[in-house]
Structure formats: C-alpha cells, structure tokens
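Participant: give me a 3D structure for the following:
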Amino acid sequence: QVQLVESGGGLVQAGGSLRLSCAASVRTFSNYAMGWFRQAPGKEREFVAAISSGGSTNYADSVKGRFTISRDNAKNTVYLQMNSLKPEDTAVYYCAAQPYTGLQLGRGGYDYWGQGTQVTVSS
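Facilitator: Residues are numbered from 1 along each chain as shown. Purely as a prediction, here's the structure:
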C-alpha cells in the first residue's frame, strides 16, 4: 500500500518562502512520477507542479519562476520549494504519486494521494 505524508505547511507573510516535503512509503520510489496539487476553499483541486521518474519537470503558469519541484530518491521524498509567496497561493497542498509513467499534469493521472498540508499566506 502506498502512503504519502506531506509536511512543511504553515503560515507565512506574502513574499516569504516555504518548503513542502512529501515522504512516500513505496518499494521503488525512483519508478514513480510525483506531483503537487492544491485546493483553495470553494475551488477545485488544481495542478501545481510535477516531476517524472527521470527528473523532468512541469509547472502551472501561476507558479512558474517561483516554485521548484525536486526529488531525492535516496530519501523517498519529493519537495516543493515555494518562494515569493502570494495570498492567492493559500490552499491545502496535496502530494500525488503514480508508478511507471511519465509526467502527469492532471488529477486523473495519479492513483495515490496524501492527506494534504495547509499553506496560508497573509498579505
């Protein structure tokens, strides 16, 4: 059973930074494509960033240049470094995983999800 546990969320002022982590309990983490999504109150869950098993990355236009996704296969962990945070980045952030696939940009591309971590950016 795949388990994903996010951490690193919190309250930060606009312009600040946070780094989210997602630890995966899987057999061979390097085989998994990983993604970050977010959901603000009253809105649908939206794509933020993704990284393939080979290290290719993709970002939503709204976070490009501010967020960076990375992975450490030795630690079974994917990260989301978030800089220059804005109040509109406030949301619950979810980690997602899918084995044996390339970059996945849509919710439907992932079978496994974490419980989420709250990020709140104050103005």
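Participant: partners of the spatially most central residue of the chain in the sheet?
Facilitator: Most central in the chain under CA atoms, centre = their mean is Trp36, positioned 2.4 Å from the mean C-alpha point. Here Trp36 sits in beta bridges with Ala49, Cys95, going by DSSP bridges.
Participant: can you pull out the strands in this structure?
Facilitator: 3-7, 10-13, 18-25, 32-39, 46-51, 57-59, 67-72, 77-82, 91-99, 112-113, 117-122 (DSSP state E).
Participant: for the third one, which residues meet the burial criterion?
Facilitator: Along strand 18-25, the positions that meet the burial threshold by neighbour count (16 or more other CB atoms under 10 Å) are 18, 20-24. For every residue, glycine as well, the C-beta is placed using N, CA and C.
Participant: re the thing from before, right, so of the strands of the chain, which gets closest to Gly106?
Facilitator: Gly106 lies closest to strand 46-51 among those, at 6.7 Å (CB to CB).
Participant: helices and strands around that closest one, which ones?
Facilitator: strand 32-39, strand 57-59, strand 67-72, strand 77-82 (3 or more CB pairs under 8 Å, 6 or more residues apart in numbering; DSSP states H and E).
Participant: could you identify which of those strands is most buried?
Facilitator: strand 32-39 (a mean of 24; mean count of other CB atoms under 10 Å).
Participant: what's that strand packed up against?
Facilitator: strand 18-25, strand 46-51, strand 67-72, strand 77-82, strand 91-99.
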